[in-house]
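Enquirer: Model the structure of this input:
(one chain, ligands or ions: 1)
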Amino acid sequence: MHPTDRSRSTADTDGGAASHAEIDLRGDEPAARCPYCGRPFRERRLEALHRGFDHPDRLSDRDRAAFERAYLEERTEIRRYRLLALGAVILCYFCFLFVYALVL
Ligand SMILES: [Zn+2]
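Expert: The predicted model follows:
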């Protein structure tokens, strides 16, 4: 257990969130904490995503709107990451192909 981990005591009390106990808060208080399971988050956006995925039946309309907004932002970032990863793989492929063609 990390010395700055403060989430274990709250995660163990609810019984179901023990797998979320290893969160490094780096000595700061979390920006947000889930009101249903007590899990800490560094950003409010991440807490909104957690509530939408782990507690979907308990969301109010405002929480649902925050979840959808955070989900769309996350989806855009993931799409950008996938394009960059695909570009890196293609670049590596052609680099190795040219090296192979020059060596033989
Ligand atoms: Zn929660």
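Enquirer: residues contacting the residue most central in space within the chain?
Expert: When Cα atoms, centre = their mean is applied to the chain, the residue found nearest the centroid is Leu46 (6.4 Å). Applying Cβ atoms under 8 Å, 6 or more residues apart in numbering to Leu46 gives the contacts 32, 70. Where C-beta positions appear, they are placed from N, C-alpha and C, glycine not excepted.
Enquirer: which secondary structure element contains it?
Expert: Per DSSP states H and E, Leu46 falls inside helix 44-54.
Enquirer: what is the rounded mean pLDDT of stretch 72-92?
Expert: Mean pLDDT, computed over stretch 72-92, is 96.
Enquirer: From the chain's centroid, how far away is it?
Expert: Here stretch 72-92 is found 16 Å from its chain centre; the criterion is Cα atoms, centre = their mean, to the nearest Å.
Enquirer: now the nearest residue to Phe41 once chain neighbours are set aside: how far from Tyr93?
Expert: Excluding its sequence neighbours, the residue lying closest to Phe41 (Cβ to Cβ, 6 or more residues apart in numbering) is Glu47, at 4.1 Å. Distance, Glu47 to Tyr93, by Cβ to Cβ, to the nearest Å: 40 Å.
Enquirer: For Glu74, which non-adjacent residue is closest in space?
Expert: Leaving aside its sequence neighbours, Glu74 sits nearest to Leu49 (Cβ to Cβ, 6+ apart; 6.5 Å).
Enquirer: Near the ion, which residues of the chain are found?
Expert: Where the chain comes near the ion, counting by Cβ under 5 Å from the ion, the residues are 34, 36-37.
Enquirer: Convert the C-alpha atoms of the helix holding Leu46 to CSV, please.
Expert: Extracted C-alpha coordinates of helix 44-54, given in CSV (Å, rounded to 0.1, in the frame of the first residue of the first chain):
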residue,chain,number,x,y,z
ARG,A,44,-14.4,15.9,-11.7
ARG,A,45,-14.6,14.6,-15.3
LEU,A,46,-13.3,11.2,-14.2
GLU,A,47,-15.8,11.1,-11.3
ALA,A,48,-18.6,11.9,-13.7
LEU,A,49,-17.5,9.0,-15.9
HIS,A,50,-17.3,6.6,-12.9
ARG,A,51,-20.8,7.5,-11.8
GLY,A,52,-22.1,7.0,-15.3
PHE,A,53,-20.5,3.6,-15.7
ASP,A,54,-20.7,2.2,-12.1
